[in-house]
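Engineer: Kindly return the folded structure for what I paste below:
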Amino acid sequence: MLLSLRRTLVAAIFLTAAQLTFAQTPKTVVLEDLTWTELRAQIAAGKTTIIIPIGATEQSGPDVALGKHNVRVKILSQRIAEGLGNALVAPVIAYVPEGGYAPATSHMRFPGTITVPDDVFEKTLESAANSFKVHGFKNIVFLGDHGGYQNDIKKVVAQLNKAWSGSPARAILPPEYYASSSDGYAQILRKRGYRDDEIGTHAGLADTSLQLAVAPQMVRQDSLRNGPKLGQADGVYGGDPRRSTAELGQLGIDAIVTQTVNALKTATAAR
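Structural biologist: All right, here's what the predicted structure looks like:
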(Lines give C-alpha, C1' and ligand atoms only; values in the text may rest on other atoms or scores of the structure.)
Protein backbone atom coordinates (compact mmCIF):
# COMPACT_ATOMS: atom_id res chain seq x y z
CA MET A 1 0.00 0.00 0.00
CA LEU A 2 2.80 2.37 1.02
CA LEU A 3 4.74 1.58 -2.16
CA SER A 4 1.65 2.30 -4.24
CA LEU A 5 1.17 5.68 -2.56
CA ARG A 6 4.81 6.58 -3.18
CA ARG A 7 4.48 5.70 -6.85
CA THR A 8 1.32 7.80 -7.11
CA LEU A 9 3.05 10.74 -5.41
CA VAL A 10 6.09 10.53 -7.68
CA ALA A 11 3.87 10.35 -10.75
CA ALA A 12 1.91 13.40 -9.59
CA ILE A 13 5.14 15.36 -9.03
CA PHE A 14 6.41 14.53 -12.52
CA LEU A 15 3.03 15.43 -14.05
CA THR A 16 2.95 18.78 -12.25
CA ALA A 17 6.52 19.56 -13.33
CA ALA A 18 5.71 18.69 -16.93
CA GLN A 19 2.59 20.89 -16.87
CA LEU A 20 4.58 23.82 -15.46
CA THR A 21 7.24 23.36 -18.12
CA PHE A 22 4.71 23.45 -20.94
CA ALA A 23 2.88 26.36 -19.35
CA GLN A 24 5.96 28.60 -19.36
CA THR A 25 6.35 31.22 -22.07
CA PRO A 26 9.05 30.06 -24.50
CA LYS A 27 12.33 31.96 -24.45
CA THR A 28 12.09 33.44 -27.91
CA VAL A 29 12.20 36.81 -29.65
CA VAL A 30 10.04 35.51 -32.50
CA LEU A 31 6.53 36.95 -32.45
CA GLU A 32 5.04 33.96 -34.26
CA ASP A 33 6.14 31.62 -31.46
CA LEU A 34 4.10 33.47 -28.81
CA THR A 35 0.41 33.36 -27.95
CA TRP A 36 -1.45 36.66 -27.89
CA THR A 37 -1.60 36.68 -24.11
CA GLU A 38 2.12 35.96 -23.84
CA LEU A 39 2.77 38.81 -26.25
CA ARG A 40 0.53 41.16 -24.25
CA ALA A 41 2.47 40.32 -21.11
CA GLN A 42 5.83 40.92 -22.77
CA ILE A 43 4.76 44.31 -24.11
CA ALA A 44 3.54 45.28 -20.64
CA ALA A 45 6.91 44.15 -19.23
CA GLY A 46 8.81 46.50 -21.55
CA LYS A 47 9.32 44.73 -24.86
CA THR A 48 8.06 47.69 -26.86
CA THR A 49 10.39 47.46 -29.86
CA ILE A 50 9.28 45.36 -32.83
CA ILE A 51 11.56 44.56 -35.76
CA ILE A 52 9.90 44.06 -39.14
CA PRO A 53 12.35 42.05 -41.29
CA ILE A 54 12.05 42.66 -45.03
CA GLY A 55 13.58 40.11 -47.37
CA ALA A 56 12.91 39.27 -51.02
CA THR A 57 12.16 36.24 -53.12
CA GLU A 58 14.61 36.61 -55.97
CA GLN A 59 17.28 34.88 -57.97
CA SER A 60 20.84 35.01 -56.64
CA GLY A 61 22.66 33.13 -59.34
CA PRO A 62 22.60 29.38 -59.95
CA ASP A 63 24.27 28.48 -56.64
CA VAL A 64 22.20 30.35 -54.02
CA ALA A 65 18.57 29.54 -53.16
CA LEU A 66 15.77 31.99 -53.95
CA GLY A 67 14.93 32.68 -50.30
CA LYS A 68 18.39 34.05 -49.47
CA HIS A 69 17.22 37.45 -48.22
CA ASN A 70 14.27 36.03 -46.28
CA VAL A 71 16.35 33.60 -44.26
CA ARG A 72 19.22 36.01 -43.76
CA VAL A 73 17.13 38.92 -42.53
CA LYS A 74 15.20 36.67 -40.15
CA ILE A 75 18.35 35.30 -38.54
CA LEU A 76 19.99 38.72 -38.34
CA SER A 77 16.83 40.30 -36.92
CA GLN A 78 16.69 37.67 -34.19
CA ARG A 79 20.30 38.31 -33.23
CA ILE A 80 19.72 42.06 -33.22
CA ALA A 81 16.59 41.64 -31.06
CA GLU A 82 18.55 39.50 -28.61
CA GLY A 83 21.24 42.16 -28.48
CA LEU A 84 18.69 44.87 -27.75
CA GLY A 85 16.95 42.89 -25.01
CA ASN A 86 13.61 44.70 -25.36
CA ALA A 87 12.67 43.68 -28.90
CA LEU A 88 10.66 41.06 -30.75
CA VAL A 89 10.77 40.03 -34.40
CA ALA A 90 7.75 40.11 -36.70
CA PRO A 91 7.21 37.69 -39.63
CA VAL A 92 9.45 38.33 -42.63
CA ILE A 93 7.96 40.30 -45.51
CA ALA A 94 9.00 38.22 -48.52
CA TYR A 95 6.96 39.83 -51.32
CA VAL A 96 8.73 42.99 -52.50
CA PRO A 97 9.26 45.04 -55.68
CA GLU A 98 11.57 43.14 -58.03
CA GLY A 99 10.84 44.70 -61.41
CA GLY A 100 8.06 44.40 -63.95
CA TYR A 101 6.44 41.29 -65.42
CA ALA A 102 4.95 42.66 -68.64
CA PRO A 103 7.65 42.64 -69.94
CA ALA A 104 9.85 40.92 -67.37
CA THR A 105 12.61 43.22 -66.11
CA SER A 106 15.39 43.12 -63.51
CA HIS A 107 15.36 39.91 -61.43
CA MET A 108 11.99 38.97 -62.88
CA ARG A 109 13.87 37.70 -65.92
CA PHE A 110 14.84 34.68 -63.82
CA PRO A 111 12.36 31.96 -62.73
CA GLY A 112 11.31 32.04 -59.08
CA THR A 113 11.53 35.77 -58.50
CA ILE A 114 8.30 37.31 -57.16
CA THR A 115 7.44 40.99 -57.55
CA VAL A 116 4.77 43.35 -56.26
CA PRO A 117 4.14 47.01 -57.19
CA ASP A 118 5.82 49.67 -55.05
CA ASP A 119 2.51 51.02 -53.77
CA VAL A 120 1.37 47.56 -52.65
CA PHE A 121 4.68 47.02 -50.86
CA GLU A 122 4.47 50.41 -49.15
CA LYS A 123 0.89 49.78 -48.03
CA THR A 124 1.93 46.43 -46.59
CA LEU A 125 4.67 48.07 -44.51
CA GLU A 126 2.31 50.83 -43.40
CA SER A 127 -0.41 48.38 -42.38
CA ALA A 128 1.99 46.16 -40.45
CA ALA A 129 3.42 49.16 -38.59
CA ASN A 130 -0.01 50.51 -37.69
CA SER A 131 -1.01 47.08 -36.43
CA PHE A 132 1.94 47.01 -34.05
CA LYS A 133 1.26 50.56 -32.90
CA VAL A 134 -2.28 49.55 -31.93
CA HIS A 135 -0.89 46.71 -29.81
CA GLY A 136 1.39 48.99 -27.80
CA PHE A 137 4.75 48.88 -29.54
CA LYS A 138 6.58 52.21 -29.41
CA ASN A 139 9.54 51.55 -31.71
CA ILE A 140 8.64 49.98 -35.06
CA VAL A 141 11.92 49.11 -36.77
CA PHE A 142 12.24 48.20 -40.44
CA LEU A 143 15.26 46.13 -41.50
CA GLY A 144 15.51 45.73 -45.27
CA ASP A 145 18.03 43.18 -46.57
CA HIS A 146 17.71 44.11 -50.25
CA GLY A 147 18.85 47.36 -51.87
CA GLY A 148 16.07 47.79 -54.41
CA TYR A 149 13.37 48.96 -52.00
CA GLN A 150 15.31 51.10 -49.52
CA ASN A 151 13.73 54.31 -50.84
CA ASP A 152 10.27 52.77 -50.46
CA ILE A 153 10.98 52.10 -46.78
CA LYS A 154 12.28 55.63 -46.24
CA LYS A 155 9.07 57.00 -47.75
CA VAL A 156 6.90 54.85 -45.48
CA VAL A 157 8.88 55.76 -42.36
CA ALA A 158 8.50 59.48 -43.11
CA GLN A 159 4.76 59.10 -43.68
CA LEU A 160 4.24 57.08 -40.51
CA ASN A 161 6.16 59.49 -38.31
CA LYS A 162 4.16 62.38 -39.70
CA ALA A 163 0.88 60.54 -39.03
CA TRP A 164 2.05 59.47 -35.56
CA SER A 165 3.18 62.93 -34.48
CA GLY A 166 2.25 63.46 -30.84
CA SER A 167 1.93 59.74 -30.08
CA PRO A 168 4.49 57.55 -28.28
CA ALA A 169 5.11 55.48 -31.43
CA ARG A 170 7.90 56.01 -33.91
CA ALA A 171 9.00 54.27 -37.10
CA ILE A 172 12.74 53.69 -37.49
CA LEU A 173 14.90 52.68 -40.44
CA PRO A 174 18.48 52.38 -39.15
CA PRO A 175 20.78 53.10 -42.13
CA GLU A 176 23.53 51.11 -40.44
CA TYR A 177 21.84 47.80 -41.23
CA TYR A 178 22.01 48.00 -45.01
CA ALA A 179 25.17 50.16 -45.08
CA SER A 180 27.14 47.64 -43.04
CA SER A 181 25.96 44.75 -45.21
CA SER A 182 26.88 46.47 -48.48
CA ASP A 183 29.54 49.21 -48.60
CA GLY A 184 30.74 48.56 -45.07
CA TYR A 185 31.21 44.84 -45.66
CA ALA A 186 32.91 45.51 -49.00
CA GLN A 187 35.47 47.64 -47.17
CA ILE A 188 36.16 44.80 -44.74
CA LEU A 189 36.79 42.45 -47.65
CA ARG A 190 39.03 44.94 -49.48
CA LYS A 191 41.23 45.22 -46.39
CA ARG A 192 41.74 41.46 -46.62
CA GLY A 193 42.90 41.64 -50.21
CA TYR A 194 39.71 40.85 -52.12
CA ARG A 195 39.08 42.79 -55.32
CA ASP A 196 35.89 44.58 -56.31
CA ASP A 197 35.51 42.24 -59.29
CA GLU A 198 35.21 39.41 -56.75
CA ILE A 199 33.18 41.18 -54.08
CA GLY A 200 30.38 42.18 -56.47
CA THR A 201 27.01 43.76 -55.74
CA HIS A 202 24.68 40.73 -56.08
CA ALA A 203 25.45 37.03 -55.71
CA GLY A 204 29.19 37.73 -55.68
CA LEU A 205 31.74 36.88 -53.01
CA ALA A 206 30.26 39.25 -50.41
CA ASP A 207 26.67 38.15 -50.82
CA THR A 208 27.51 34.46 -50.93
CA SER A 209 29.88 34.60 -47.95
CA LEU A 210 27.17 36.21 -45.82
CA GLN A 211 24.82 33.39 -46.77
CA LEU A 212 27.39 30.71 -45.98
CA ALA A 213 27.71 32.20 -42.50
CA VAL A 214 23.99 32.08 -41.67
CA ALA A 215 22.49 29.36 -43.88
CA PRO A 216 25.12 27.25 -45.68
CA GLN A 217 22.48 24.74 -46.78
CA MET A 218 21.17 27.37 -49.21
CA VAL A 219 24.45 27.50 -51.16
CA ARG A 220 25.31 24.81 -53.73
CA GLN A 221 28.96 24.66 -52.78
CA ASP A 222 30.12 21.91 -55.14
CA SER A 223 29.05 23.74 -58.27
CA LEU A 224 30.12 27.06 -56.75
CA ARG A 225 33.72 25.91 -56.22
CA ASN A 226 34.13 23.91 -59.40
CA GLY A 227 32.08 25.89 -61.91
CA PRO A 228 33.19 28.61 -64.33
CA LYS A 229 33.18 32.34 -63.58
CA LEU A 230 29.59 33.56 -63.74
CA GLY A 231 28.19 36.82 -65.06
CA GLN A 232 25.02 38.87 -65.45
CA ALA A 233 23.42 36.30 -67.74
CA ASP A 234 23.68 33.87 -64.80
CA GLY A 235 22.33 36.38 -62.28
CA VAL A 236 25.70 37.28 -60.74
CA TYR A 237 26.36 41.02 -60.88
CA GLY A 238 29.89 42.38 -60.85
CA GLY A 239 31.50 39.70 -58.73
CA ASP A 240 32.91 36.19 -58.49
CA PRO A 241 31.61 34.04 -55.60
CA ARG A 242 34.00 31.12 -56.02
CA ARG A 243 36.25 32.08 -53.07
CA SER A 244 33.34 32.73 -50.71
CA THR A 245 33.64 31.27 -47.20
CA ALA A 246 31.58 31.20 -44.03
CA GLU A 247 34.53 32.71 -42.15
CA LEU A 248 34.50 35.77 -44.41
CA GLY A 249 30.74 35.97 -44.07
CA GLN A 250 30.93 35.92 -40.28
CA LEU A 251 33.00 39.11 -40.38
CA GLY A 252 30.11 40.80 -42.15
CA ILE A 253 27.44 39.27 -39.92
CA ASP A 254 29.22 40.46 -36.77
CA ALA A 255 29.55 43.98 -38.18
CA ILE A 256 25.88 44.14 -39.23
CA VAL A 257 24.59 42.97 -35.86
CA THR A 258 26.93 45.10 -33.74
CA GLN A 259 26.44 48.30 -35.70
CA THR A 260 22.67 47.91 -35.93
CA VAL A 261 22.26 47.11 -32.24
CA ASN A 262 24.36 50.15 -31.28
CA ALA A 263 22.42 52.41 -33.65
CA LEU A 264 19.05 51.23 -32.34
CA LYS A 265 20.11 51.58 -28.71
CA THR A 266 21.07 55.17 -29.43
CA ALA A 267 17.88 55.87 -31.39
CA THR A 268 15.63 54.48 -28.65
CA ALA A 269 17.59 55.53 -25.56
CA ALA A 270 15.31 58.44 -24.69
CA ARG A 271 12.09 56.52 -25.28
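
Engineer: And stretch 64-76, what's buried?
Structural biologist: Neighbour-count burial for stretch 64-76 flags 64-76 (criterion: 16 or more other Cβ atoms under 10 Å). (C-beta placed from N, C-alpha, C; glycine too.)

Engineer: for stretch 228-237, that is, sorry about that
Structural biologist: Of the residues in stretch 228-237, those scored as buried under the neighbour-count criterion (16+ other Cβ under 10 Å) are 230, 234-237.

Engineer: which two in the buried residues of stretch 64-76 are spaced the farthest apart?
Structural biologist: L66 and L76 (18.1 Å; Cβ to Cβ).

Engineer: Now distance to V120 and pLDDT too, for the buried residues of stretch 228-237, in CSV please.
Structural biologist: Shown next, in CSV, are the buried residues of stretch 228-237 (distance: Cβ to Cβ, whole Å; pLDDT from 0 to 100):
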residue, distance to V120, pLDDT
L230, 32, 95
D234, 29, 97
G235, 24, 97
V236, 29, 97
Y237, 25, 96
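
Engineer: which one among the residues you listed gets closest to E38?
Structural biologist: Compare each of the buried residues of stretch 228-237 with E38 using Cβ to Cβ and the shortest gap goes to G235, at 41.6 Å.

Engineer: close enough to count as contact, the closest one and G61?
Structural biologist: Yes. Between G235 and G61 there is a contact under Cβ atoms under 8 Å: 4.4 Å.

Engineer: overlap in contacts of these two?
Structural biologist: Overlap between the contact sets of G235 and G61, as judged by Cβ atoms under 8 Å, 6 or more residues apart in numbering, is given by A203.

Engineer: who's in contact with L264?
Structural biologist: For L264, the contacting residues are 49, 80, 84, 87, 139, 141, 172, 174, taking Cβ under 8 Å, 6+ apart as the criterion.

Engineer: and the last one, how many neighbours?
Structural biologist: Using other Cβ atoms under 10 Å, P174 is surrounded by 20 other residues.

Engineer: ok, it - contacts?
Structural biologist: For P174, the contacting residues are 141, 143, 260, 263-264, 267, by Cβ under 8 Å, 6+ apart.

Engineer: Kindly recompute the last result at 6 Å.
Structural biologist: Neighbouring residues of P174 by Cβ atoms under 6 Å, 6 or more residues apart in numbering: 260, 263-264.

Engineer: got a pLDDT number for the closest residue to it other than its chain neighbours?
Structural biologist: In space, not counting the residues next to it along the chain, P174 is nearest to A263; the distance is 4.5 Å by Cβ to Cβ, 6 or more residues apart in numbering. We note a pLDDT of 98 for A263 in this prediction.

Engineer: is it fair to say A263 lies in a helix?
Structural biologist: Yes. Remark: A263 belongs to a helix, assigned using DSSP: H, G, I helix; E, B strand; the rest coil.
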